[in-house]
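# Fold the stuff below for me.
(chains A, B, C and D)
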There are 4 protein chains.
Amino acid sequence: METMRANVFRGVNSFEIQEVPKPHAGPGEAVIRITLTTICGTDLHIVRGEYPVRPGLVIGHEPVGVVEELGPGVSGYNVGERVLVGAITPCGQCNACLSGHSSQCGHGSGYSALGGWRFGNTINGAQAEYLLVPYAQANLAKIPPDVTDEQAVLLADIASTGFGGAESAQIKIGDTVVVFAQGPIGLCATAGARLMGAAFIIGVDTDPVRLAMSRRMGADVVLNPQEQDVVAEVKRLTEGGADVAIEALGSQTTFESALRCLRPGGTLSSLGVYSGKLSIPYEAFGAGIADIRIVTTLCPGGKERMRRLLETVRHHRVDLTPLLTHSFSLDNIREAYELFGERRDGVIKVAIHP
Amino acid sequence: METMRANVFRGVNSFEIQEVPKPHAGPGEAVIRITLTTICGTDLHIVRGEYPVRPGLVIGHEPVGVVEELGPGVSGYNVGERVLVGAITPCGQCNACLSGHSSQCGHGSGYSALGGWRFGNTINGAQAEYLLVPYAQANLAKIPPDVTDEQAVLLADIASTGFGGAESAQIKIGDTVVVFAQGPIGLCATAGARLMGAAFIIGVDTDPVRLAMSRRMGADVVLNPQEQDVVAEVKRLTEGGADVAIEALGSQTTFESALRCLRPGGTLSSLGVYSGKLSIPYEAFGAGIADIRIVTTLCPGGKERMRRLLETVRHHRVDLTPLLTHSFSLDNIREAYELFGERRDGVIKVAIHP
Amino acid sequence: METMRANVFRGVNSFEIQEVPKPHAGPGEAVIRITLTTICGTDLHIVRGEYPVRPGLVIGHEPVGVVEELGPGVSGYNVGERVLVGAITPCGQCNACLSGHSSQCGHGSGYSALGGWRFGNTINGAQAEYLLVPYAQANLAKIPPDVTDEQAVLLADIASTGFGGAESAQIKIGDTVVVFAQGPIGLCATAGARLMGAAFIIGVDTDPVRLAMSRRMGADVVLNPQEQDVVAEVKRLTEGGADVAIEALGSQTTFESALRCLRPGGTLSSLGVYSGKLSIPYEAFGAGIADIRIVTTLCPGGKERMRRLLETVRHHRVDLTPLLTHSFSLDNIREAYELFGERRDGVIKVAIHP
Amino acid sequence: METMRANVFRGVNSFEIQEVPKPHAGPGEAVIRITLTTICGTDLHIVRGEYPVRPGLVIGHEPVGVVEELGPGVSGYNVGERVLVGAITPCGQCNACLSGHSSQCGHGSGYSALGGWRFGNTINGAQAEYLLVPYAQANLAKIPPDVTDEQAVLLADIASTGFGGAESAQIKIGDTVVVFAQGPIGLCATAGARLMGAAFIIGVDTDPVRLAMSRRMGADVVLNPQEQDVVAEVKRLTEGGADVAIEALGSQTTFESALRCLRPGGTLSSLGVYSGKLSIPYEAFGAGIADIRIVTTLCPGGKERMRRLLETVRHHRVDLTPLLTHSFSLDNIREAYELFGERRDGVIKVAIHP
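Got it, this is the predicted structure:
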C-alpha cells in the first residue's frame, strides 16, 4: 500500500507527521497532490481539544494542489492541472446546497449544521502530501496560470470567510464599517468591505502589527481597545454609529462591542466561532425594535466561489500575499504551529509546503 | 380654548380621561377626529411604568379618523376624508427615512433609535377625540369606501408589525414557519406568513383561545408549551427544523425556543420588545457558523405602507376583524384596559370609540 | 433487450407511440417508471417543428413515477418510492448551478443557455413507460403519501414556472399584479401572485373558459382584450399602473401590453418563449429611465424546488388539480395532442397515464 | 425686484445668459447660491430640442452651492453652509418615495414617471447664480470641509447615475462587467463596478481619449468597436459571457451589443435615454428563457444618497476630478456648450463658475 506523510491529530495537544495510506479516488472523487497549504486558527482549536475531532484524522482545510487522480464521473479535468479547493466542499445536490446554503450541506439530502466543512473535521484534511476531494465536480477550481499558489491558498478559507462577512452584511457603496479583530479572517473582512465599496472602514485590534496590516488591507482608521473606548470613538467617527459591524474573533466582548457600535437599523455580521452563551445587551439591541440584523456566515465553498475569488486576486483587486508571513516544510509543521499558536514574530498566516 | 376628551397618562398605574386642549395643525401637520382606536400591549407597559413616557401624555398609537384640519403645505387631502395613520409616523426626509429605515426616523436628519414612534410615546396619542398628525403628507392614508373603520384600525400597528416580521424574514413560497406567541402581533405574523406563501405554519401559545384564533389566521398546527416539548415537536414536524421562526412576545424563553427550532441557515425574526439581556444559546446558534440570521422589526409606517395594507384587507386577502373582540366608548376606557390587561373573556383587541 | 412504449418525435408534424429500449441507470442516474405525465405547450412547438429537437427523441418533461433503478452513487432512495422530477434537471455542480442559476446548467462546468432543460429536448423525455433521470441525487423529489400523482404532476413545469414568474418579480404584500394570458403557465402565475400576497390581481385572456379559471386561481378581475382596452382598464383599476405585470404567452402584443400597464418603477416578469425580435415601446419604457425592470425566468428545477412545491400543495395552499381537465392513456396520446393543440372542450392540461 | 444671471432656454437651439428674478424660499424650500455647476448631456438634448422643456426655463441640474435662504419648516441648516443637491430632488413623502422609488417621485402622492427630475426640466435649474431647492429638508446635503466643490459637483448626477447602474445590476465580488460607452455616465459606471468588487471590467468606446480615461476609472481592458468585434472579444475574455453589461449611451446598437455580451442568467443594466423603439434580439435574449434581467435606473437623489457619495470621495475611494477637464465662467457658458457639444479637446465634463 502506498503511503504519504500527513499531520495527524492524536488527541488533545498531540499531533505529528506520520505515514498514512495515500488516498485513491472513488466515484465522484479526486485526489490532489498538495503543493501548498496553511494552518488555520480552527486547527489550533482542534489541537487544543477545544473543537473535537476524532484522533487519527489528518488536520487542515486549505488546499492548493495538482490533480493526481480523477474518480469515475468527474469530467472536464486533467491529471496535472493546478487546482484550489475551498475549505468547505458542498455536494451541490442536497436540499441545503440547492437552497443556496451550501455550507450547511446535507451530503445528498437535507441540511446538516456545518455539514459542508469536512476537511480536517470529518474526513482527512490538507496538511498532507495528498488529499481526497469529495464531490470533486463541484469543488475543483482550476487556478489560472498567472495566479501563484501563494495567492490562491488564502482564498480557500480566510478570504472566502472574510469577504463572506462583508457580503452577508450586504455592504453598499458609502457604508461605514467597523471590523472587530484583525486576525487573518478580520483582515480579509476589512479587505472585503473595501472591495464592496465601504466608504469608511475602522479596524479594531490590540496588536500593533495587525493594526498596521489592517491599514494595508483597507482600514482608514485603526483603534486599539487597550488605548481607548472603541465604541465611543466609532460612534464619534461615524456620527452616530456604523452601518455595519463585523465580528471576527468569537468572544462576548467583541460581539457586544460590535453591536454597540451600530446605528439604528445597522447590521452585525458575525464570523467568529463562539463557545458558551452569548449575551445581547438590551440597549444596544434597541430593546429588540431598532431594526438591527445579526447575520452569521460559515465560509462559502465550491468551485464557483473559488473561481470568483481567483479572478479577484488575478486582476489585482486585492493582494493578500502580505498575510502569508512565514513558510515551513510539512515536516517542520510543529514549529509552524508553535509560531502561529503563540502569535510570535508578527505571524499572520504560515505557508506549509509538503 | 377648545378642549377635547383624551386618555392621559398620569404616572405609574395612573391614567384617566381628561379634558385637554384640542390640537391645531401647524405647517406640514394635520388634525384628525378619531373615529376608532384601540389599546396596544405597549400601552399596558406604559401604564404599568415598564416603558417610560412623560406624565401628561395622551396614550395610544392606532388611529382611524376623519380629517379635521390641514396645516399649510399639506396637499391632496380634504377635510372630512377618512384616513388611517400608522403607529409610526416617519418624516420621509431624514437620512434614516431616505435609507429605507423609516421606523428609526431622525426627524429631518440622521437616525434616531425608535424615532419613528411618536404617538403616545413622545407626542400626544390616539386615545382621544382629536389627534395631531406630524408629517401629515407622508402619513395620511385615505381609507377606501369599502373598508370599514374596524378593518382599518388593526393595520396601524399590529398588522404592519406582524406582517413586517414575516417580510423581514423574507418568507418564500414553500417555507415552514413557527410563530412563538399568538397575541395580536403573533396572530398577524401568522397571517403574514400565510400571505407570503409559507407552506406550513405552526402557532405556539399557552392560551387555547389564542391557539384557536391562530388556526383561523392561518396556522396549520398549533402547539402549547404547557402540553409538550415544542422545540422537539417543531423539529419533528419540519423534519429537522423550520426555515423561519418568528418571536412575538419579547422573552428569553420564546427567543431561545425560536432559535432552537431553526434548521441550519434559518432565520429568526424577532418582533418582541425585550427587557434586560438576551442570551443566545451556543449550540442553537451553531457556535456562530450555522448561517443563522436574526432580524428585528419595528412596525413599518407611512401612508404607502398603510395604503398597501388597506388594499390587502379591501380585497379580502386577510380578515383581521375577528381579532377585534370587544368594544368600548372612550369614556369607558379604564374598563377596556382592565379587560385587555387581564386577558379576560378571550379578549384579543378592543375597539375604542371616542 | 427490454423495450418500453414511448411517444417518439419523428420529424415535423410526426410523432408516434413506439417500442424503444428501456433505459438503465448509470452512475449518478436513476430510472423511474412513469405513473403520470402530461403534455406541455412546448411539446406542441416541438411537434410542429417550431422548436427543433432531433428525430427519434422521446417527448415530454413532466414526470411523476416510481423509482425503478438507482445507479451507483445515488443514495437515500429506495426502489419503489414515488417521486416527482422537475422539467429542469440541474447537475448542482457546475458554475451556473453553484451560482443559483441552475436552469442555465452547464452540466459539470460553466453555463449553458437553457442547459438545465434536458427531458424531451436533448435526452429522452417523460411520455413513456420509463424515464432515465440524470443527476438523480439532485433531482428525485419524494412525494409525500398524502399528495396524489395528479397534484404532483403539475408542479414539474407549470407551477414551478408560473410561481417562478411571481417570485422573479419579487411580489410583495399589497402589490397589484396583471397576468397576460391565462393558459397553464399564466394560471399558475396568477396562483403564484396570490400565494405571495398580491393584494389585487387582474387576469387577461381572450378565452372565457380560461378567464373563469383565472378567477378560480386567484384573479380578482378578469379582462378580455377582445372586449376592452386592457391597458387603459388596468391603469384605471390600479390608479396609475400595476406594480408587476407577468407575461405568459410569448408574443409582441402581450409583452408590449404588459409593459404599458406598469407604473414607473414597476416590474415586467416575462415567462413566454418568443420567436423573432421583440420591441420595447419607447414611452412605456419611460425612455429607459423610469426604473422599469424586465426579468425572465426558465422553470426552476431540482429536488429542493419540487419538495417546496409539494409541501405547498400538500398543505392546501393552492389546488391546481382543476387545471387537469382531461385524461388519456399513453397509447391514446395522439388524441390528447389534438385536443390540447386545438384547445377544444375547455382543455387546460391533459393527464397521460402510461 | 432682485435679479440674477441665469442660462435660460429660449427655444430649439437657442439659449442665453439673462437677468431673471432671484428666487426666494417658501415653506419647505431653500435658496442656494451656486458656487459650481456643470453641463450634462441631457442639457444638450434640451438645447437641441430633443427633450422638450418650456422656453424661459433655466437649464442645469448639477448644483453645488452655499445656503442663502431657508424657508419655514426647514431645520438643521444654517445660511452659509456648503451643500450639494442631487439632480433628482425627491419629496420623500409620496407613495413612490416611501416605496423606495424616489426618482419617480409623485410630489406628495402617487408615482410620476421621471417625476423626481425637476431642475432644468420642470423648474428652474442650476446654471444660474441662485437656485430654489424644493423639498429642501430631503435634498440639502452638507459638504464636509475636506471635500472640494470640484469633487462634489460630479456626484449630483453622473456619479449617482453611473454608480446606480452598477448597483441596480447588483454587482458582486468576482463579477465580470462590460460597460458600453465611456462618456461621463459610462466612466462613472466603470468606477462604480470597480467600487463594488467586479473582478474584471471591460470599457467600450470609440474615442481613444475616453478609453484612456476608462482605464483610469477602473477598466482592465478597453475595446473599440471600430477596431474589433466587441461582442466576440467580450465573450472570449469572459469565457462565455459577462455577468453584467452596462449600457450608458441610449442607442439600439449599444443596447443590443450589451445584451449579446451576457452569459445566461446575466444582467443588462441600462442607463441610456432612448428615442424610438428598442429591439431585443431573440437569440441574445435566449428566446425569453435564459434568465436574463434588464434593469434601468434614473439617477438616485436625495440628501442621504449625496451624503454617501460625498463620503466615498472624501475617503478617496474614487477620484472623479480628472473628468472635470475644462472650466468656464457662467457668462461664457455658450463657449462651454460648444466645446462640450462637439466633444472637442478631450472634454469630458466642464466646470461652470457663476
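
# which bits of the stretch 1-150 of chain A sit near chain C?
A:27-28, A:72-73, A:75-76, A:90-93, A:95, A:97-100, A:102, A:108-109, A:135, A:137-138 (Cβ under 8 Å from any Cβ of the partner chain). Yep, even glycine has a C-beta here, placed from its N, CA and C like the rest.

# Show me which of those residues are buried.
A:28, A:73, A:90-93, A:95, A:97-99, A:102, A:108-109, A:135, A:137-138 (16 or more other Cβ atoms under 10 Å in any protein chain shown).

# Pick out the residue in the stretch 151-300 of chain A sitting closest to chain D.
A:Gly174 (2.8 Å; Cβ to the nearest Cβ).

# Looks like that residue contacts A:Met196 (just checking).
No. Using Cβ atoms under 8 Å, A:Gly174 makes no contact with A:Met196, being 10.7 Å away.

# Would you mind listing what in chain A touches chain D?
Proximity of chain A to chain D (Cβ under 8 Å from any Cβ) is limited to residues A:163, A:167, A:172-176, A:192, A:195-197, A:199-200, A:220, A:307-309, A:311-312, A:314-315, A:317.

# for stretch A:347-354, which positions count as buried?
Across stretch A:347-354, burial judged by 16+ other Cβ under 10 Å covers A:Val347, A:Ile348, A:Lys349, A:Val350, A:Ala351, A:Ile352, A:Pro354.

# could those residues be laid out in JSON lines, adding pLDDT, distance to chain C and secondary structure?
Listed next are the buried residues of stretch A:347-354 as JSON lines, based on pLDDT from 0 to 100; distance: Cβ to the nearest Cβ, whole Å; DSSP: H, G, I helix; E, B strand; the rest coil:
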{"residue": "A:Val347", "pLDDT": "97", "distance to chain C": "33", "secondary structure": "coil"}
{"residue": "A:Ile348", "pLDDT": "98", "distance to chain C": "29", "secondary structure": "coil"}
{"residue": "A:Lys349", "pLDDT": "98", "distance to chain C": "26", "secondary structure": "strand"}
{"residue": "A:Val350", "pLDDT": "98", "distance to chain C": "30", "secondary structure": "strand"}
{"residue": "A:Ala351", "pLDDT": "98", "distance to chain C": "28", "secondary structure": "strand"}
{"residue": "A:Ile352", "pLDDT": "98", "distance to chain C": "28", "secondary structure": "strand"}
{"residue": "A:Pro354", "pLDDT": "95", "distance to chain C": "27", "secondary structure": "coil"}
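
# which two from those end up farthest apart in space?
Set against one another by Cβ to Cβ, these have their most distant pair in A:Ile348 and A:Pro354, with a gap of 20.8 Å.

# quick one on the thing from earlier: A strand includes the residue of the stretch 151-300 of chain A closest to chain D, no?
No. Read with DSSP: H, G, I helix; E, B strand; the rest coil, A:Gly174 is coil and lies in no strand.

# Can you tell me the closest non-neighbouring residue to it?
Residue nearest to A:Gly174 in three dimensions, not counting chain neighbours: D:Arg308, with 2.8 Å by Cβ to Cβ, 6 or more residues apart in numbering or on different chains.

# one step back: between the buried residues of stretch A:347-354, which sits nearest D:Gly301?
Of all the buried residues of stretch A:347-354, D:Gly301 sits closest to A:Ile348, with 43.2 Å by Cβ to Cβ.

# which residue packs closest to the residue in the stretch 251-354 of chain A that chain C sits nearest to, ignoring adjacent ones?
Per Cβ to the nearest Cβ, A:Glu304 is where the stretch 251-354 of chain A lies closest to chain C, at 3.7 Å. The shortest distance from A:Glu304 to any non-neighbouring residue, by Cβ to Cβ, 6+ apart, is to C:Leu98 (3.7 Å).

# What confidence value was assigned to the one you found?
Here, the pLDDT recorded for C:Leu98 equals 98.

# Tell me if I'm right that it and A:Met306 touch.
No. The criterion here is Cβ under 8 Å, and C:Leu98 misses it with A:Met306 at 9.8 Å.

# Whichever residue of the stretch 101-250 of chain A sits closest to chain C and A:Val64, how far apart?
Among residues of the stretch 101-250 of chain A, the one nearest chain C by Cβ to the nearest Cβ turns out to be A:Ala138. It sits 3.8 Å away. From A:Ala138 across to A:Val64, the span is 18 Å (Cβ to Cβ, to the nearest Å).

# How far off centre is stretch A:93-106?
Computed by Cα atoms, centre = their mean, to the nearest Å, the separation of stretch A:93-106 from the middle of its chain amounts to 19 Å.

# end-to-end on that stretch?
Taking Cα to Cα, to the nearest Å as the measure, stretch A:93-106 stretches 9 Å from start to finish.

# Kindly report the same for stretch A:109-123.
Stretch A:109-123 has an end-to-end distance of 19 Å (criterion: Cα to Cα).

# swap in stretch A:103-122?
Span of stretch A:103-122 from end to end, Cα to Cα: 14 Å.

# mean confidence score for that stretch?
Averaged over stretch A:103-122, pLDDT sits at 96.

# wait, does it contact chain B?
Yes. Applying Cβ under 8 Å from any Cβ, one finds stretch A:103-122 touching chain B at A:Ser103, A:Gln104, A:Gly110, A:Tyr111, A:Ser112, A:Ala113, A:Leu114, A:Gly115.

# Pipe those residues into TSV and attach neighbour count per row.
As requested, the residues of stretch A:103-122 next to chain B are exported to TSV (neighbours: other Cβ atoms under 10 Å in any protein chain shown):
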residue	neighbour count
A:Ser103	30
A:Gln104	30
A:Gly110	19
A:Tyr111	25
A:Ser112	20
A:Ala113	25
A:Leu114	20
A:Gly115	26
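
# Closest to D:Glu338 out of the residues you listed?
Nearest to D:Glu338 among those, with distances taken as Cβ to Cβ, is A:Ser103, at 59.0 Å.

# Dihedrals phi and psi, that closest one?
Torsion angles at A:Ser103 (phi, psi; degrees, to the nearest 10) stand at phi -70, psi -20.

# per-residue pLDDT, the closest residue to chain D within the stretch 201-350 of chain A?
Scanning the stretch 201-350 of chain A for the residue nearest chain D gives A:Arg308, at 2.8 Å (criterion: Cβ to the nearest Cβ). A:Arg308 is assigned a predicted lDDT (pLDDT) of 98.
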